[in-house]
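Student: generate a structure from the sequence data that follows.
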Amino acid sequence: MSLVKKQKMSEKKVAANRQNQKLCHPVTDQRRERIRAALLRHGFDIQAEEAAMRALGEDPQRFHELLEALWEEWNPVGGLQEGVVIRLARAMWLANRADRMQEGYALRQAQEVNSGRQDRLHAQMMRLRITADSLRLLVQSVAHEHYVTTPADLEKMKNLHQEGVLKEMGEIALALFYQLQAPGTGADGVDRNEQARRALMRIKEIFGLDSDSPPQVNVRRDCSSPQESQHNAQGSAARDASPAQVGVAPGGTCPDEIGSPAHAGLKVAATPENDKRYPNITPAEWEARERPRQLLENILTRQVDTCEAQRQAILKESLKGPSPYERAAEIAPTHPNARVMRRMQESNLREVRRLTNLLLRIKSYERQMGSLENDDGKNRSALGQHVPT
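Tutor: Sure thing, here's the model as predicted:
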């Protein structure tokens, strides 16, 4: 139930309002002619205004409809009121134009974002996939029990850290890679033995040597079988001696081939490959390096899962489409003239408010003057009736 008591309109008052409306609002054709004459009197070139509106993509008929509606509402009398109503219509039209400017730019920006949305999401998914593959390779390398940071792994981790895909965890992982370097490794992540190997490979490339084949040595080495060396006088002494004394393995194998898989059973105790490459790392040091290695492996594995989760989320987003909040963020007013357009809109609205207040004051003044004239007429008539004969 409403707390405000509504006033009931009597039939007499309704009839009076209808009569006043007929008196205040002339016929449409007459009103249009009156508006056109008022525009000419106040210096508005109707044809030029219409041409300018069409050039801006606006419909002049819509402006004339707005002006007619305001003319009907305020029913201006005299040049002052007519000019104020025309100015009010123009201010409201310019305010609407400022709105269209902002909405037009937002529409253009939304269309540009939509046109490149799928490409942008696809590029993000591809970057995440490449990052996940790189991390998987690092996990496979770090998963070895006796792992030592290689220059390739360190360079790959540096690139991932610079791209910022791992954020805070990337710095921790990079620090662990540095911690798992071989003893004596320089700041560039390459030890002295590795530097020498790289220099040798560079020399081979310069002279056109095959870096994959071992260097050829001119010293002749007798790696033949005992049957083939019986015609050699020195080979007879080698035949009487044991294979360990002459440095030849049983079956006529060269000493360089003893480390091959076919002769791995000859070793007393199998040693990990990293132990042979880094003999200066003691078993106690290997045990101390195991904890940061496991921590690094866990971090890299977790980052692989994170990349996959992000890729799946982006895939769902591309299929679902942007939310209203995301669209609102995409069409945020980033135009350099956005603030100017906003000021134009506020200026036009202030102009509408000033003109409306001016019209209200003019109408109020007219009513007051009309009531005073009516009171004077009544008083004069009353005095005339009481004049003595």
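Student: average pLDDT for the helix or strand hosting residue 81?
Tutor: Per DSSP states H and E: residue 81 is located in helix 79-115. In this model, helix 79-115 has a mean pLDDT of 87.
Student: flag every buried residue along whichever helix or strand comes after that helix.
Tutor: With elements assigned by DSSP H and E, the helix or strand that comes after helix 79-115 is helix 117-142. Buried residues in helix 117-142, counted by 16 or more other C-beta atoms under 10 Å: 117, 124-125, 128, 131-132, 134-135, 138-139, 141-142. C-beta here means a position set from N, CA and C on the backbone, and glycine is covered the same way.
Student: need those residues in JSON lines with distance to residue 70, can you?
Tutor: Shown next, in JSON lines, are these (distance: C-beta to C-beta, whole Å):
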{"residue": "117", "distance to residue 70": "43"}
{"residue": "124", "distance to residue 70": "53"}
{"residue": "125", "distance to residue 70": "56"}
{"residue": "128", "distance to residue 70": "58"}
{"residue": "131", "distance to residue 70": "62"}
{"residue": "132", "distance to residue 70": "65"}
{"residue": "134", "distance to residue 70": "68"}
{"residue": "135", "distance to residue 70": "68"}
{"residue": "138", "distance to residue 70": "73"}
{"residue": "139", "distance to residue 70": "74"}
{"residue": "141", "distance to residue 70": "78"}
{"residue": "142", "distance to residue 70": "77"}
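Student: what helices and strands are in contact with whichever strand or helix holds residue 375?
Tutor: Assigned by DSSP H and E, residue 375 belongs to helix 338-385. Other helices and strands packing on helix 338-385, by 3 or more C-beta pairs under 8 Å, 6 or more residues apart in numbering; DSSP states H and E, are helix 79-115.
Student: could you chop this protein up by domain?
Tutor: Structural domains annotated on the chain: 11-115+336-379, 118-183+278-333, 224-253, as defined by automatic domain parsing.
Student: relative to residue 205, which of these is closest?
Tutor: Closest to residue 205 of the domains of the chain is domain 118-183+278-333 (C-beta to C-beta; 17.6 Å).
Student: sorry, back to before: ranking the domains of the chain by mean pLDDT, which is last?
Tutor: Ranked by mean pLDDT, the domains of the chain end with domain 224-253 at the bottom, a mean of 41.
Student: to residue 206, which of the domains of the chain lies closest?
Tutor: domain 118-183+278-333 (20.9 Å).
Student: mind telling me what element residue 145 is part of?
Tutor: With DSSP H and E as the criterion, the answer for residue 145 is that it lies in no helix or strand.
Student: okay, now it: neighbour count?
Tutor: Residue 145 has 10 neighbours, counted by other C-beta atoms under 10 Å.
Student: just residue 91 next, same as before
Tutor: For residue 91, the count of nearby residues is 20 (other C-beta under 10 Å).
Student: now do residue 169
Tutor: 15.
Student: how much space between residue 322 and residue 314?
Tutor: Distance of residue 322 to residue 314, given as C-beta to C-beta, to the nearest Å: 12 Å.
Student: quick one on the thing from earlier: need the domains of the chain in CSV (columns: distance to residue 206).
Tutor: CSV is the format used below for those (distance: least, C-beta to C-beta, whole Å):
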stretch, distance to residue 206
domain 11-115+336-379, 52
domain 118-183+278-333, 21
domain 224-253, 34
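Student: would you mind listing the buried residues in the helix or strand hosting residue 298?
Tutor: Element membership of residue 298, judged by DSSP H and E, is helix 283-320. By neighbour count, with 16+ other C-beta under 10 Å as the criterion, the buried positions of helix 283-320 are 286, 289, 292-293, 296-297, 299-301, 303-304, 306-307, 310-311, 314, 318.
Student: remind me which helix or strand residue 47 belongs to.
Tutor: Using DSSP H and E, the element containing residue 47 is helix 46-55.
Student: report the buried residues of that helix.
Tutor: Across helix 46-55, burial judged by 16+ other C-beta under 10 Å covers 50, 53.
Student: what packs against that helix?
Tutor: With contacts defined as 3+ C-beta pairs under 8 Å, 6+ apart, the packing partners of helix 46-55 are helix 28-41, helix 60-74.
Student: between helix 79-115 and it, find me the angle.
Tutor: Relative orientation of helix 46-55 and helix 79-115, computed by axes from the mean of the first three to the mean of the last three C-alpha atoms, to 10 degrees: 20 degrees.
Student: now do helix 46-55 against helix 60-74, angle only.
Tutor: If you take the same axes, to 10 degrees, helix 46-55 sits at 120 degrees to helix 60-74.
Student: any idea of the angle helix 46-55 forms with helix 28-41?
Tutor: If you take the same axes, to 10 degrees, helix 46-55 sits at 90 degrees to helix 28-41.
Student: send me helix 46-55 as CSV with only the CA atoms.
Tutor: Taking C-alpha atoms only, helix 46-55 is exported to CSV below (Å, rounded to 0.1, in the frame of the first residue of the first chain):
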residue,chain,number,x,y,z
ILE,A,46,18.6,24.9,-42.2
GLN,A,47,20.2,23.5,-45.4
ALA,A,48,23.7,23.9,-44.1
GLU,A,49,22.8,22.3,-40.8
GLU,A,50,21.2,19.3,-42.6
ALA,A,51,24.2,18.9,-44.9
ALA,A,52,26.6,18.9,-41.9
MET,A,53,24.5,16.3,-40.1
ARG,A,54,24.4,14.0,-43.1
ALA,A,55,28.2,14.3,-43.4
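Student: residues making contact with it?
Tutor: Defining contact as C-beta atoms under 8 Å, 6 or more residues apart in numbering, one finds that helix 46-55 is touched by 36, 39-40, 59-60, 63.
Student: please name the residues that touch residue 61.
Tutor: Going by C-beta under 8 Å, 6+ apart, the list of residues near residue 61 is empty.
Student: tell me the first helix or strand C-terminal of the helix holding residue 298.
Tutor: Downstream of helix 283-320 (by DSSP H and E), the next one is helix 324-330.
Student: who are the packing partners of that next one?
Tutor: Judged by 3+ C-beta pairs under 8 Å, 6+ apart, the packing partners of helix 324-330 are helix 79-115.
Student: just the buried positions in the helix it packs on, please.
Tutor: For helix 79-115, the neighbour count (16+ other C-beta under 10 Å) marks 81-98, 101-102, 105-106, 109, 113 as buried.
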